[in-house]
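>>> using only what follows, build the 3D model:
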Amino acid sequence: MAMDAPGFVFLCCSTICPCFRSRRKDTEEAVLVKEPSSIHSAPSTEMNSVSGKVPASPLRVPPSPGRFSMSPKLDRIGSVHLTMKQVARATQNFSPSLRIGEGGFGTVYKAQLQDGKTVAIKRASKENFDALRSEFRSEIELLAKIEHRNLVKLLGYVDKGNERLIITEYVPNGTLREHLDGIHGSCLDFSQRLEISIDIAHGLTYLHSYAEKQIIHRDVKSTNILLTDRMKAKVSDFGFARVGGNETGNTHVLTKVKGTVGYLDPEYMRTYKLTPKSDVYSFGVLLIEILTGRRPVESRRSPEEKVTIRWAFDKYNNGEMKDLVDPQLKGAVDEKIFKKMLNLSFQCAAPTRADRPEMQSVGEQLWAIRMKYINRVSFMVPIVAEYKCRMHMVQELDACS
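Below is the predicted model of the structure:
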């Protein structure tokens, strides 16, 4: 698939206009405009002026994980120790008003401890209690062995009677899916989406290559990506994760496929063989979701648009890339950068795992895309500003005549 594209530029909403407060039917779509080679070749399509250069993101991460601290041992888990009585008090007896999420393992509640600290408490589903026995132990052991800024941190757990609870850090800014839906009052601009993609890639790279044992998440999706107040992404919910060896090509043969429809690796579904490339596939689907704003499966849309990855691939091949931009991105995005991200998402979501890149390579490619994006936007800022100035002068001359 060709990487080159005609020189189109559509600057992201972080640089030219405020985000929408909510998703609406009359949301203005991003506008495709040709990149001017000179001021005189600038298109007649209006472009909002921008002042100043785009600074490097405060969320900067290295191109690949460097040295990380040694993972804590299982017997050292638990900076938070709670009894069931204390848990009931902290969650107001598992009040629905404190419920902040739902996953394969169970329900997640926001809880405030006696010392004022806010945590998240995940409660195993009662109806699946016996089936979740091994998954509870699996999640505890996994979370105990990992420590990375893009992964949710384990603080403690409770395993008593018919209750199994996991206590983790509270990530206050909701899920990625909620932000794509505009639930939190403002949309994600293109820069934020790129930074979030990098964060997720590095979190998964750590699981695959830098943890004490290789970990396959198995349920990478937008509702399992939590955002901090600074819009830093953290991967959560390891209830379906598997521990493997660090050998290249390590494969797990499972008796049951687990994950979420739309994100599931088709090769894993067909062969029951699980590898880190299954997470790579899910990430590819997630990256398309981040760019388009659409869920992996849109059941209310027409048959040709229901499966987002197929719809996106068809649009891309037909040269209709402007239709793939999330309508919430009012204004525009640099098309060359957008196309590079789409290319990468399609590579990750290749039908066969042999055609997919390793997660570490994905993170490094995203980092390279980010640097190109910053350079291109910084280059375009003075051009757009001067173009607007000239257009204003022309309008004044027309008015005088």
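>>> mind listing the strands for this protein?
When secondary structure is read from DSSP state E, the chain shows strands at 8-9, 33-34, 99-102, 106-112, 118-124, 154-160, 163-169, 214-216, 225-227, 233-235, 242-244, 252-253, 273-274.
>>> minimum distance to Arg353: which of those strands has it?
With Cβ to Cβ as the criterion, Arg353 lies closest to strand 273-274 of these, at 8.7 Å. Every residue, glycine included, has its C-beta placed from N, CA and C.
>>> and that closest one, what does it pack against?
The elements that strand 273-274 packs onto, with contact taken as 3 or more Cβ pairs under 8 Å, 6 or more residues apart in numbering; DSSP states H and E, are strand 252-253.
>>> again, only using 10 Å
Judged by 3 or more Cβ pairs under 10 Å, 6 or more residues apart in numbering; DSSP states H and E, the packing partners of strand 273-274 are strand 252-253, helix 266-271.
>>> quick revisit: can you lay out the strands of the chain as a markdown table showing mean pLDDT and distance to Leu143?
As requested, the strands of the chain are arranged in a markdown table below (pLDDT from 0 to 100; distance: least, Cβ to Cβ, whole Å):
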| stretch | mean pLDDT | distance to Leu143 |
| --- | --- | --- |
| strand 8-9 | 42 | 43 |
| strand 33-34 | 40 | 47 |
| strand 99-102 | 88 | 16 |
| strand 106-112 | 92 | 14 |
| strand 118-124 | 91 | 10 |
| strand 154-160 | 85 | 4 |
| strand 163-169 | 88 | 7 |
| strand 214-216 | 90 | 10 |
| strand 225-227 | 97 | 14 |
| strand 233-235 | 97 | 11 |
| strand 242-244 | 69 | 11 |
| strand 252-253 | 62 | 19 |
| strand 273-274 | 92 | 19 |
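>>> dump these to TSV, plus mean neighbour count and distance to Val285.
Formatted as TSV, the strands of the chain follow (neighbours: other Cβ atoms under 10 Å; distance: least, Cβ to Cβ, whole Å):
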stretch	mean neighbour count	distance to Val285
strand 8-9	20	25
strand 33-34	17	29
strand 99-102	16	20
strand 106-112	21	23
strand 118-124	21	24
strand 154-160	19	27
strand 163-169	22	25
strand 214-216	22	16
strand 225-227	25	13
strand 233-235	24	15
strand 242-244	18	19
strand 252-253	12	20
strand 273-274	19	16
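>>> so which of the ones you listed is nearest Lys315?
Using Cβ to Cβ, the nearest of those to Lys315 is strand 8-9, at 15.0 Å.
>>> hang on, the earlier thing: now render the strands of the chain as CSV, adding distance to Leu366.
Converted to CSV, the strands of the chain look like this (distance: least, Cβ to Cβ, whole Å):
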stretch, distance to Leu366
strand 8-9, 20
strand 33-34, 25
strand 99-102, 26
strand 106-112, 28
strand 118-124, 27
strand 154-160, 27
strand 163-169, 25
strand 214-216, 20
strand 225-227, 15
strand 233-235, 12
strand 242-244, 24
strand 252-253, 27
strand 273-274, 24
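>>> and of these, who's closest to Val261?
strand 99-102 (15.4 Å).
>>> from the contact counts, what lies against the closest one?
strand 106-112, strand 118-124.
>>> make it 7 Å
strand 106-112 (3 or more Cβ pairs under 7 Å, 6 or more residues apart in numbering; DSSP states H and E).
>>> same for the strand it packs on, what does it pack against?
Using 3+ Cβ pairs under 7 Å, 6+ apart: strand 106-112 touches strand 99-102, strand 118-124.
>>> ok, which of the ones you listed comes nearest Arg89?
Across these, closest to Arg89 is strand 118-124 (Cβ to Cβ), at 11.5 Å.
>>> contact partners of the closest one?
80, 87, 91, 94, 100, 105-113, 132, 136, 155, 164-170 (Cβ atoms under 7 Å, 6 or more residues apart in numbering).
>>> out of the strands of the chain, flag the one nearest Glu298.
strand 225-227 (19.2 Å).
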